[in-house]
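> Just a sequence and a predicted model for now, questions to come.
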Amino acid sequence: MADKGMSKKLQGQVALVTGGGRGIGAAAAELLAAAGASLVLTARSEDEIDAVAKRIRKAGGKAIAVPCDVSDFGQIEEVIEAALTQYDRMDILVNNAALVWPVEEVAESDPDEWAYNIHVNLVGPYNLARHVLPVMIAQGYGRILNITSGAAKGGFVGMSAYSAAKAGLDAFTRSLAAEVASAGVMVNGLNPGMVDTEMQADLRSVDTDGTKINLDQFHSAYESGKLGSPTRSAKMIYWLVGPWGRNETGKIFSAGDAEWWAQVEKDVA
């Protein structure tokens, strides 16, 4: 459960977390629930989100799990319908679902895999935002947080799809924030840095022999214990969608910002 510093600050709010079955998504969902929010968890893996929802309910929180592929507009509609049927409002959206594959040079890549990466990492957040915005605008309140990456700056051999999608997500974040600021809906991005998740483990498993792909930075971060924890990322998410982020919109926050992290640690005690 939450510490005193974060106790019930989200009471009465409803939060939707995509990719909520593991890693950053699961950690964020449990923290937001401990702070009083009712959770809607979605991901492609039904077993994983069911397990997180059960942990939240066992701890005294509220949570439902609705499986879907965020790249499918129709499936997202079903998630939102389930959320509104259960809770009758939507206050927080955390677009966390992500896909790193394909990790290949463009000349060797599969067009369908490349396009699917864009659909999950960029079109997915659009699909979610498009469905929740009418509700948030009608409420006069909403928080949308897009989980982005340092890869948005580009230049990573073999990660063209992921980098392009995250760069697009940053631009989408700023544009959407400008559109809805007057409606009371705040939209921001968070680059959590390299975090100890299954995605990081997957990257370290890639065989790069005979290619130009260099993933040494991920191996080095893991071996030196410099990977961040999902719990640390969850605190940043909580800060941004909680009362401390009420005046923030159109910004891309970074785990590498030591001054901001110090503020998060102070506020999210």
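That came through, no problem.

> C-alpha only now, for contacts and for neighbours.
Fine.

> So which residues of the stretch 151-269 of the chain form helices?
160-180, 198-204, 216-223, 230-241, 258-267 (DSSP state H, counting those that start in this stretch).

> of all those helices, which lies closest to D88?
Judged by Cα to Cα, the one of the helices of the stretch 151-269 of the chain that comes nearest to D88 is helix 230-241, at 19.1 Å.

> Distance from the closest one to the middle of the chain?
10 Å (Cα atoms, centre = their mean, to the nearest Å).

> and it with helix 258-267, angle?
Calculated by axes from the mean of the first three to the mean of the last three Cα atoms, to 10 degrees, helix 230-241 forms an angle of 90 degrees with helix 258-267.

> how near is the residue nearest the centre of the chain to N191?
Closest to where the C-alpha atoms of the chain average out (Cα atoms, centre = their mean) is N96, at 2.0 Å. Going from N96 to N191 by Cα to Cα, to the nearest Å gives 11 Å.

> Please identify every residue contacting each of those two.
I147 (Cα atoms under 8 Å, 6 or more residues apart in numbering).

> returning to that earlier point: TSV please, covering the helices of the stretch 151-269 of the chain and showing mean neighbour count and mean pLDDT.
Shown next, in TSV, are the helices of the stretch 151-269 of the chain (neighbours: other Cα atoms under 10 Å; pLDDT from 0 to 100):
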stretch	mean neighbour count	mean pLDDT
helix 160-180	21	97
helix 198-204	14	74
helix 216-223	14	71
helix 230-241	22	97
helix 258-267	13	96
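
> show me the residues around the residue nearest to the centre of the chain that make contact.
N96 sits next to V17, T18, G19, G20, I24, G25, N146, I147 when contact means Cα under 8 Å, 6+ apart.

> For the residues you listed, pick the one with the most neighbours.
Of all the contacts of N96, the most densely surrounded is G20 (32 neighbours; neighbours counted as other Cα atoms under 10 Å).

> I'd say that residue and I49 touch.
Yes. G20 lies in contact with I49 (Cα atoms under 8 Å); the separation is 6.0 Å.
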